[in-house]
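Engineer: Can you look at this prediction? I've put the sequence above it.
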Amino acid sequence: SENPDKNSNTDLFLLNLTKGATPLQFTNYKGANTSPVFSPDNSKIAFLQSSSERNFDMYDITHLGIYDLKSKALSIVSKNYDRAFSSIAWSKDGQSILSLIEDDRKQNLVQFNIQTQKPEQLTNEMGVYSSMDMNDKGDMVLLFANLETPNEIYSYQNKTTKRLTHLQDAFVASLKKGYHKGFQSTSSDGTIVSSILHLPDSGAKNLPLIMFIHGGPVAQDDYAFDMTSRIYANAGYAVATVNYRGSSGRGVEFTNAIYADWGNKEVQDIVGAANHLIKMGIADSNRLAIGGWSYGGILTNYTIAKDTRFKAAVSGAGSSFQFTMYGTDQYVKQYDDELGPPWRNFQKWVNLSYPFLNVQKIKTPTLFMASEKDFNVPVAGAEQMYQAFKYEGISTELIIYPGQNHGLSVPSYIAHRYQRHLDWFKKFLK
């Protein structure tokens, strides 16, 4: 494109490996085209295409495209299928595509017929298949995890999966079992929201509740093994991981619901899930906490600015005075396209900065955390909220991990973060 720094456009080219050959561009789409794979007879190319042509759009899904090398025809064969494709591979007969499809809290193997444009569900587990790979003979291996077991290697042959490894058995046997299940709640506007609940045991009632919020925002908490939630549940808490609007797995409309409207519908969904667990007798309404990292930290700030019932919060790698992020983080393309720059859409940026600009209304003691070298969500986001809390006399602390980027990589820092979370929750909830 003329200005590649201002969009997410990628196209696919075919190159004959002879001297002086000219690349043939066979996609011409304003969005993103990726992951080309030749069919077994080399007559077609399968690829992935974003559902949106916006300059920057994290809220889209990936469709399946087919390019016919003989006829030069290109078609998006999954445009009526509202789920995202990944890890594509051709079937041996070249008539269909095997892919991992993300759905509500799970990810399964699907075979998509390119002629009928219909999917066939090959697995339907309450878990997550990932890292699919297939050799030229059609033998497939992939990883699978569920709420009870971390990733193990499986094969898929003759429409059947078979577990090949038991690498995690000893580790799982050393853990307290706990109780882990999915649940759904209804938000104040009637939206159905899917979540995962982690408890110390199946009979636990009236517990202090931690709402632990995933980042992204376009991601989801699923039926995979969740070590973080297990740690908190093992310490005596009910833990809810909420797939608020903006999360993936439930189609474009659900994901796109928060476009240019951050901290609104997501908070409704988080609060709705908390209210549901209180009503069910699982959570103690007087002992509510919330936490998260990245967009989970951002949503922590949004939530405590709207609901004063939360008695403790941990906000990691978050931000609230969004003006500060413009030009200092990695999302300037998103800001320009989704929000407009601050000087052109000033009130929008004011509205999105409401936790910082209304900090005097917050009552929740909050531990802020950040990484020193984070260019995804720079450390200023946590520093500003910490200073604002100090000025208003709200209980707060600030921890900055030296030399770290957006995710922590030093094992002692990771352990320290878990311990400080538990210490903070214990201080204000028990």
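Structural biologist: Here it is on my side, so go on.

Engineer: When you work out contacts or count neighbours from here on, use the C-alpha atoms and nothing else.
Structural biologist: OK.

Engineer: okay, now residue 383: neighbour count?
Structural biologist: Neighbours of residue 383 under the rule other C-alpha atoms under 10 Å: 20.

Engineer: Same question for residue 424, what's its three-state structure.
Structural biologist: Following DSSP: H, G, I helix; E, B strand; the rest coil, we place residue 424 in the helix state.

Engineer: Would you map the helices across the stretch 251-400 of the chain?
Structural biologist: Remark: helices assigned in the stretch 251-400 of the chain by DSSP state H, counting those that start in this stretch are 252-256, 265-279, 295-306, 332-334, 346-352, 354-357, 380-392.

Engineer: distance between the last one and the chain's centre?
Structural biologist: If I follow you right, that is helix 380-392. Distance of helix 380-392 from the chain centroid (C-alpha atoms, centre = their mean, to the nearest Å) equals 27 Å.

Engineer: That helix packs against which elements?
Structural biologist: Judged by 3 or more C-alpha pairs under 8 Å, 6 or more residues apart in numbering; DSSP states H and E, helix 380-392 is in contact with strand 366-371, strand 396-401.

Engineer: Please identify the most buried of these.
Structural biologist: Of all these, strand 366-371 carries the top mean neighbour count, a mean of 26, counting by mean count of other C-alpha atoms under 10 Å.

Engineer: Quick check, central residue of the chain?
Structural biologist: Closest to where the C-alpha atoms of the chain average out (C-alpha atoms, centre = their mean) is residue 219, at 1.7 Å.

Engineer: Mind pulling up the pLDDT for that one?
Structural biologist: Looking at residue 219, its pLDDT stands at 95.

Engineer: Equivalent analysis for the one 5 residues further on, please.
Structural biologist: According to the model's per-residue confidence, residue 224 sits at a pLDDT of 97.

Engineer: Over to the residue nearest to it when sequence neighbours are not counted: give its phi and psi.
Structural biologist: Spatial nearest neighbour of residue 224, excluding adjacent residues (C-alpha to C-alpha, 6 or more residues apart in numbering): residue 146 at 4.1 Å. As for residue 146, its main-chain torsions (degrees, to the nearest 10) stand at phi -140, psi -170.

Engineer: And residue 146, how close does it get to residue 108?
Structural biologist: The gap separating residue 146 from residue 108 is 12 Å, by C-alpha to C-alpha, to the nearest Å.

Engineer: swap in residue 331?
Structural biologist: Distance from residue 331 to residue 108, by C-alpha to C-alpha: 31 Å.

Engineer: Those two - which one has more neighbours?
Structural biologist: residue 108 (20 against 15).

Engineer: residues touching that one, list them.
Structural biologist: Taking C-alpha atoms under 8 Å, 6 or more residues apart in numbering, we find residue 108 in contact with 100, 101, 102, 121, 122, 123, 124, 125, 127, 128, 129.

Engineer: Just confirm it is within a strand.
Structural biologist: Yes. According to three-state DSSP, residue 108 belongs to a strand.

Engineer: who wins for proximity to residue 408 among the helices of the stretch 251-400 of the chain?
Structural biologist: Among the helices of the stretch 251-400 of the chain, helix 295-306 comes nearest to residue 408, with 14.6 Å by C-alpha to C-alpha.

Engineer: between that closest one and helix 380-392, how big is the angle?
Structural biologist: Angle between the axes of helix 295-306 and helix 380-392 is 30 degrees (criterion: axes from the mean of the first three to the mean of the last three C-alpha atoms, to 10 degrees).

Engineer: re the thing from before, could you export the helices and strands packed on helix 380-392 as TSV, including distance to residue 71 and mean pLDDT?
Structural biologist: TSV is the format used below for the helices and strands packed on helix 380-392 (distance: least, C-alpha to C-alpha, whole Å; pLDDT from 0 to 100):
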stretch	distance to residue 71	mean pLDDT
strand 366-371	52	98
strand 396-401	56	98
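
Engineer: what packs against the lengthiest strand in the chain?
Structural biologist: Criterion DSSP state E: the longest strand present in the chain is strand 283-293. The helices and strands touching strand 283-293, judged by 3+ C-alpha pairs under 8 Å, 6+ apart, are strand 207-213, helix 265-279, helix 295-306, strand 310-316, helix 411-429.

Engineer: Buried residues, that strand. List them.
Structural biologist: Across strand 283-293, burial judged by 16 or more other C-alpha atoms under 10 Å covers 283, 284, 285, 287, 288, 289, 290, 291, 292, 293.

Engineer: could the helices and strands packed on strand 283-293 be laid out in CSV, adding mean neighbour count?
Structural biologist: Compiled in CSV, the helices and strands packed on strand 283-293 are given as follows (neighbours: other C-alpha atoms under 10 Å):
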stretch, mean neighbour count
strand 207-213, 26
helix 265-279, 22
helix 295-306, 26
strand 310-316, 27
helix 411-429, 15
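
Engineer: nearest to residue 15, of those?
Structural biologist: helix 295-306 (40.4 Å).

Engineer: Give me the average confidence score over the closest one.
Structural biologist: Per-residue pLDDT over helix 295-306 has a mean of 97.

Engineer: swap in stretch 37-45?
Structural biologist: 94.

Engineer: got the contact list for it?
Structural biologist: 36, 46-47, 66-70, 88-90, 92-94.

Engineer: Any of these buried? List them.
Structural biologist: Using 16+ other C-alpha under 10 Å, the buried ones in the contacts of stretch 37-45 are 36, 46, 47, 66, 67, 68, 88, 89, 90, 94.

Engineer: Does the second one touch residue 65 like I think?
Structural biologist: Yes. In this structure, residue 46 sits in contact with residue 65. The criterion is C-alpha atoms under 8 Å, and the distance is 5.7 Å.

Engineer: what sits in contact with each of these two?
Structural biologist: Joint contacts of residue 46 and residue 65 (C-alpha under 8 Å, 6+ apart) do not exist.

Engineer: before we move on, the earlier item: okay if I get the buried residues of strand 283-293 as a markdown table plus distance to residue 349?
Structural biologist: Below are the buried residues of strand 283-293 laid out as a markdown table (distance: C-alpha to C-alpha, whole Å):
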| residue | distance to residue 349 |
| --- | --- |
| 283 | 35 |
| 284 | 35 |
| 285 | 33 |
| 287 | 33 |
| 288 | 29 |
| 289 | 27 |
| 290 | 24 |
| 291 | 24 |
| 292 | 22 |
| 293 | 21 |
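
Engineer: so which of those residues comes closest to residue 75?
Structural biologist: Closest approach between the buried residues of strand 283-293 and residue 75, by C-alpha to C-alpha: residue 293, at 39.2 Å.

Engineer: What distance do you get for the closest residue to the closest one other than its chain neighbours to residue 407?
Structural biologist: Leaving aside its sequence neighbours, residue 293 sits nearest to residue 316 (C-alpha to C-alpha, 6+ apart; 4.3 Å). As defined by C-alpha to C-alpha, residue 316 lies at a distance of 10 Å from residue 407.
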